[in-house]
Structures are given as structure tokens and as C-alpha cells.
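Chemist: what would the 3D arrangement of this be:
(2 chains)
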There are 2 protein chains.
Amino acid sequence: MLQLPTFDDVAAAARRLQGHAHRTPVNRSTTANQLLGAEVFFKCENFQRMGAFKFRGAFNALSQFNAQQKSKGAIAFSSGNHAQAIALSARLLGMPAVILMPMDAPQSKIDATRGYGAEVILFDRYKEDREALTKKVAQQREMTLIPPFDHPDVIAGQGTAAMELIEEVGELDVLFVCLGGGGLLSGSALATRALSPRCQIYGVEPEAGNDAQQSMAKGEIVHIETPRTIADGAQTQHLGRYTFEVIRRDVTGILTATDEQLVEAMRFFAERMKMVVEPTGCLGFAAARHAGIDLAGKRVGVIISGGNVDLPRYAQLIGQGLA
Amino acid sequence: MLQLPTFDDVAAAARRLQGHAHRTPVNRSTTANQLLGAEVFFKCENFQRMGAFKFRGAFNALSQFNAQQKSKGAIAFSSGNHAQAIALSARLLGMPAVILMPMDAPQSKIDATRGYGAEVILFDRYKEDREALTKKVAQQREMTLIPPFDHPDVIAGQGTAAMELIEEVGELDVLFVCLGGGGLLSGSALATRALSPRCQIYGVEPEAGNDAQQSMAKGEIVHIETPRTIADGAQTQHLGRYTFEVIRRDVTGILTATDEQLVEAMRFFAERMKMVVEPTGCLGFAAARHAGIDLAGKRVGVIISGGNVDLPRYAQLIGQGLA
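Modeler: The predicted structure follows:
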């Protein structure tokens, strides 16, 4: 049996993050309220350190390393926000970090990860097995591997965003959370079940990659091909063992959003709320608007997961839209 | 002699705005600190109601109307943020509002102003005299004219942004403020002289429209042609009588920024701080970065004035840059 993380773990993570993670703002918009006929609270993790909620889970995991682990450091594979989250957390905690990234990852992400002081090892993702390679380097260097979502400490850390949201605005009727591997969603579910027990909790994944929806229907983890979607943070192929169990137990349902709806939401955030939100971060609001959940007169939370998107790409999406 | 507004007027405005204006966040950026070698505090009026600081001055002015004025309402001429500020303030205070706008104003601005419930009167700016027309309508309808910057109540209201900034972060060494007609700058100067007396205060205007710089040098209000700049909120032709006197007395100096520097700052805000800032709102940071003021080790405030920019135009500026 897996030992699933609990709300106590989320609360302990919140204490560890105090003074290290930003307590991100909860922003509101009269226009969003009118569009949904509801009172909407946006938890803005795009203003989190390194631009995404991922810092919470990474820091929570690394800050629990023992002296031996700390001296050897942390290793991760990621071409996205998890890479920068591990790199920054390691630097803040004074330990080495190695990040494996595909050699065709955007140069900006490689530079940003190196900028936080991590060693980046590039690999050819068409010729080399990422997991095997990571394990090999981890063993050689005696480093501790922190996966991007399927880890109790990572899940507990991610749950602190929803915890802060409910602490700040009070109980909610419905909460929408972006969903890739399920770290943010399962952490949010732990916090919400404890602090706002009657709240409906929806995970939102890209329509093109609805593996979690399929997994819930089937009662087991479904694997899919890497989905084609602009939501690069949600291009996961399957849930994790921990995240699947928590989601199955605590989440009301899984919804999807199309890339067109994500672009519409990106434009809304820019035009009306003056915020840059990455495509993945738009999943929650897109579903709140289009997925058919009755929100009339309700208190609705939406977690915006991050704001890391290459600027030319961002300009293209809000200017011309999908190519 | 003009009766110039004082810090007491700013403090009274803050009480009137309580519960009506947002207390906007003060955002920070490690990268900005590194770039300037300083500790930088950004007061984010792009997150203010209707997307700009202008709400503060408009609401402060309208909330002091007597019963007779209130029943007849407010009138203003503006194609920019002042129009929406007056319209929204009037609606919140339950009075009519008329806004005169040039018929070639962007449809989005006309729609937004009407959306706040104001009556919009369009005029042909090549054939009609705006000021004469406004006076005529004001007299016919017995409405009170609120100018966009040169009014003691407007200046006092705008000063509440700097007041909140210093209350929140403590005294500053240097403050950079965007400068068009000088309402925000003179209000900021009143607040800063009272709350952080040793702080240097710089107004920043577009290089192509440096009328305030010329006015300070000459010791009198200099009029210029409408400048060609992307900073549409600072395309003013001259300071006001009130703003000139306060600026002359309380401001350390006037700096300028080029359109290229404004685009660079817009990109920085989007990429690093996940914020949409309109070109005018970038003036302060652009000068902090490029105007040659020694900031090493100092505590620096930057007021971001607003985030209202048409989305296609915004996408073009951060994507392709100046055409």
C-alpha cells in the first residue's frame, strides 16, 4: 500500500515554505465575475518564485534532505518548470543540483536553469532513455532524484497554494485546478478537503491529452502518447501512483479545455487582469467558462499555475492566435 | 496665488478611497534588483480598478461633489484612462457622467467608457474645439468638469499610490514616476516629501515629448506639439498650473526615456514579472535602468502607472518591437 500524503503534510510544507516561497496574491476581476455569474478568486502562482507553483513542491522536498543527501544534492529530469524549481531550491538550500534536459529543449529554459546555478546535462531524447540515464547519474553521484509530481513531499508542497487561497478568502463552492501529472491537483485536493470540505474540486487537462479523464473512467492509470497541445506543462502521458490515488479519492471530476479556449483565456488575463499566464495556467479558467459546470452565484476558486512562456511565442498566441 | 494641494489632502483622499480603490500590490524581482544593483519596489497600478492609477484621482474628486453637483454629474474630455476613471467613479457614486472623445478614438476605449455607464459624446477633433465644446456641454447640462490632471483633488488622489508604497515598504532613497500632465508625479511628490523626506523624486517623460524638462529649465510652462511616442498616456503638450508648481518645488529632476527603452521594459515586465504594462507605465523603470542615476545599494521605488493597451498592439510591441 502506498502511504498517501495528508493535509498534515501540506500544513508542514507551508511552515517549511514560510519566508522562502512568495505568498502569491489572490486577484479578482469584475468582468470574470460577470462572465461566470459567480464570485471568482484567482490564486496567482504566475507570481510565484521562478514563475510557477513548482517551487513549492521542490523546496518542500529538498528542505527535508538529511545531511548526507544535502551534501550530494538533488537530481531531476525536466525541460519545464520543475527544472528551474529544483535548481532554485537547491541554490537556496546550499546544495548541488543536476538537471537532465533534452538537447532540443528551448535555449531559454536551459539558460534559466543554469542561471539558478544547476548543472545541466543534455541528452538525445531520440537515442537515450531518460529514466535510465537519470538513474545512472543519480547512482554515480549519489544524488537524490526528485520526480516532477509523483512524490509525497512534492504533492504536499503544491497543496500549499490552495491552502493559502482558502485561508485568505474563506470556503469555496468550486475549485478548478490545472492538471498534468497531478501534483498540483492532488495537493490542492488534500488542502481543500480539509479546509473547505463541501467544495467541488475539478482537475482540468488539455482535451488532446485527457489521460486522467480516461484513468478515472477506467479505474486505473491510462498511458497515452505525448499529446499535441499548447499546454506544455500538461503534456504528461500518465498520472503518477500517488497522484492517481489521491485524485480518485478526493477529486469531483476531470474536465478538459481546447487550445482555442486556452488562447481565449490567455487574452482575457492579459487584457482584463494585466497578467501573463502560460497556456497550462489557463486550463482552470477555460473550463470554468466552457465546461458546463453550474457556477451561478457560487464562490469559485481558480488556480493559475504559472507564467513561464517564451515571449515571442506569447506575443504570437495573444496576437495572431493558434498558427 | 494658487492654493496648492498638500499632504493632508493626500491623506484625506486615502480615507475616501478606502474600500473603493484597490490597495495595489508592491511587486519585486530578483532580476530587476540585479540589473539596477539596488532593491527595487514596483507599485503596480496596472492592477488598479479600470487598469490605471487614474481611478484614484477621479474618485477622490467626484466623491467630494455636493448634492447639486452630484445630481447633475461629472463631465470630462479624454480618449484615455481618465475617461474610464471618471465613468467608473461616477457609476460607483451614483451620478451621471459625460465623456467627450474624438470620433477617431479606438473603438475599444469608447466601448469601455460606455461599458462603465457613461454617455460618450464624439466630436471631430479636426473641426471642433474640444475645450469650447466641453464647456458648452458642461454649461448646458450644469455638469462639473474634472480635468485629467490639473486639479487639486485629482492630484491628491493620485498621491495615494506613492503613500501606500512608502507605508508598505518604508522610506525610499529614490522614486521614479511616469510623467504626462504631472498629476501622478505631483501627487507622488506630496506624499513622498511627507513620508520619506530625503527621497530623490524623478519624473520621467518620453524623450520625444520633454516639455516638463524644458519647463523646469526655463522656469515656466513650455508648450510643445503633440509628441510622437508609444507612451500615449504621456502625449500631453504641457504641464498644468498646479502640477507645474508642485513639481518645481518638490521634484528632484525630470528624466526621459526613448520608445526603444519602453519596449525593452514592457518585455521585461512580461517575461520576468508576468505583468502587462502599458508603454506609459514603463517610463519609470526605463529611466531607472538607463538615465544614469546612481542607484547602487539604494532602495528604489518605481510607480507603474497602468496596463491598458490594445492587445494586438501589445502583442506587436513585445513580439516584433517598434514597427
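Chemist: isn't there a helix covering A:Asp8?
Modeler: Yes. Per DSSP: H, G, I helix; E, B strand; the rest coil, A:Asp8 lies within a helix segment.
Chemist: and the residue nearest the centre of chain A, what does it touch?
Modeler: Nearest to the mean C-alpha position of chain A, counting by CA atoms, centre = their mean, stands A:Leu184 at 4.8 Å. For A:Leu184, the contact set (CB atoms under 8 Å, 6 or more residues apart in numbering or on different chains) comprises A:Phe53, A:Phe149, A:Gln158, A:Ala161, A:Val177, A:Cys178, A:Ile303, A:Ser305. Bear in mind the C-beta positions are built from the backbone N, C-alpha and C, glycine included.
Chemist: now, which of those residues lie within strands?
Modeler: A:Val177, A:Cys178, A:Ile303 (DSSP state E).
Chemist: most surrounded residue in those?
Modeler: A:Cys178 (32 neighbours; other CB atoms under 10 Å in any protein chain shown).
Chemist: tell me, what's the model's pLDDT at A:Lys127?
Modeler: Listed pLDDT for A:Lys127 reads 87.
Chemist: where does the residue sitting furthest away from the middle of chain A fall, secondary structure wise?
Modeler: Distance from the C-alpha centroid of chain A, by CA atoms, centre = their mean, peaks at A:Gln140 (29.6 Å). Using DSSP states H and E, A:Gln140 sits in helix A:130-141.
Chemist: list the helices and strands whatever helix or strand comes next after that helix packs on?
Modeler: Next in sequence after helix A:130-141, counting helices and strands by DSSP H and E, comes strand A:144-145. Strand A:144-145 sits against strand A:74-77, helix A:130-141, with contacts defined as 3 or more CB pairs under 8 Å, 6 or more residues apart in numbering or on different chains; DSSP states H and E.
Chemist: redo the ones you listed as JSON lines? Include mean pLDDT and distance to chain B.
Modeler: Below are the helices and strands packed on strand A:144-145 laid out as JSON lines (pLDDT from 0 to 100; distance: least, CB to the nearest CB, whole Å):
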{"stretch": "strand A:74-77", "mean pLDDT": "96", "distance to chain B": "21"}
{"stretch": "helix A:130-141", "mean pLDDT": "92", "distance to chain B": "28"}
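Chemist: can you pull up the bridge partners for the closest residue to A:Leu179 other than its chain neighbours?
Modeler: Using CB to CB, 6 or more residues apart in numbering or on different chains and skipping the chain neighbours, the partner closest in space to A:Leu179 is A:Gly203 (3.7 Å). Taking DSSP bridges as the rule, A:Gly203 bridges to A:Val177, A:Ile254.
Chemist: helix, strand, or coil at A:Arg125?
Modeler: Per three-state DSSP, A:Arg125 ends up coil.
Chemist: so which residues of the stretch 201-323 of chain A form strands?
Modeler: All strands of the stretch 201-323 of chain A, identified by DSSP state E, counting those that start in this stretch, fall at A:253-257, A:299-304.
Chemist: for chain B, what is the nearest residue in the stretch 151-300 of chain A?
Modeler: Among residues of the stretch 151-300 of chain A, the one nearest chain B by CB to the nearest CB turns out to be A:Lys274. It sits 3.5 Å away.
Chemist: residues near the residue of the stretch 1-150 of chain A found nearest chain B, how many?
Modeler: Closest to chain B within the stretch 1-150 of chain A is A:Asn46: 4.4 Å, counting by CB to the nearest CB. Other residues near A:Asn46 come to 26 when the count uses other CB under 10 Å.
Chemist: could you do the one 10 residues further on as well?
Modeler: For A:Arg56, the count of nearby residues is 34 (other CB under 10 Å).
Chemist: ok, it - contacts?
Modeler: Applying CB under 8 Å, 6+ apart, the residues near A:Arg56 are A:Ala13, A:Leu17, A:Ala21, A:Gln48, A:Gly157, A:Gln158, A:Thr160, A:Ala161.
Chemist: most packed of the strands of the stretch 201-323 of chain A?
Modeler: strand A:299-304 (a mean of 27; mean count of other CB atoms under 10 Å in any protein chain shown).
Chemist: show me what that one pairs with in its sheet, parallel or antiparallel.
Modeler: Paired strands of strand A:299-304, with direction, are strand A:39-44 (parallel), strand A:174-178 (parallel) (DSSP bridges).
Chemist: make a markdown table from these and add mean pLDDT to it.
Modeler: As requested, the strands paired with strand A:299-304 are exported to a markdown table (pLDDT from 0 to 100):
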| stretch | mean pLDDT |
| --- | --- |
| strand A:39-44 | 98 |
| strand A:174-178 | 98 |
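Chemist: which of the ones you listed is buried the deepest?
Modeler: strand A:174-178 (a mean of 29).
Chemist: from the chain's centre, how far out does the helix or strand following that strand sit?
Modeler: Of the helices and strands lying after strand A:174-178 in sequence (DSSP H and E), the nearest is helix A:183-195. Centre-to-centre, helix A:183-195 and its host chain are 12 Å apart (CA atoms, centre = their mean, to the nearest Å).
Chemist: over to stretch A:192-200?
Modeler: Distance of stretch A:192-200 from the chain centroid (CA atoms, centre = their mean) equals 20 Å.
Chemist: what pLDDT is listed against A:Gln213?
Modeler: Confidence score, pLDDT, at A:Gln213: 98.
Chemist: got the contact list for the nearest residue to it once chain neighbours are set aside?
Modeler: Nearest residue to A:Gln213 in three dimensions, chain neighbours excluded: A:Ile254, at 4.3 Å (CB to CB, 6+ apart). When contacts are counted by CB under 8 Å, 6+ apart, A:Ile254 touches A:Leu179, A:Tyr202, A:Gly203, A:Val204, A:Glu205, A:Asn210, A:Ala212, A:Gln213, A:Met216, A:Ile247.
Chemist: which per-residue confidence value corresponds to A:Ile254?
Modeler: 98.
Chemist: please apply the same query to A:Arg272.
Modeler: 95.
Chemist: so what's the residue count around it?
Modeler: 17.
Chemist: from A:Arg23, how far out is it?
Modeler: 23 Å (CB to CB, to the nearest Å).
Chemist: up against chain B, what does chain A have?
Modeler: Contact residues, chain A versus chain B (CB under 8 Å from any CB of the partner chain): A:25, A:27, A:46-47, A:51, A:267, A:270-271, A:273-277, A:307, A:311-312, A:314-316, A:318-320.
Chemist: any of these buried? List them.
Modeler: A:25, A:27, A:46-47, A:51, A:267, A:270-271, A:273-277, A:307, A:311, A:314-315, A:318-319 (16 or more other CB atoms under 10 Å in any protein chain shown).
Chemist: OK, contacts around the closest residue in space to A:Leu122 that isn't next to it in sequence?
Modeler: Closest residue in space to A:Leu122, ignoring its immediate chain neighbours: A:Met103 at 4.1 Å, by CB to CB, 6+ apart. Neighbouring residues of A:Met103 by CB under 8 Å, 6+ apart: A:Leu122, A:Phe123, A:Asp124, A:Arg125.
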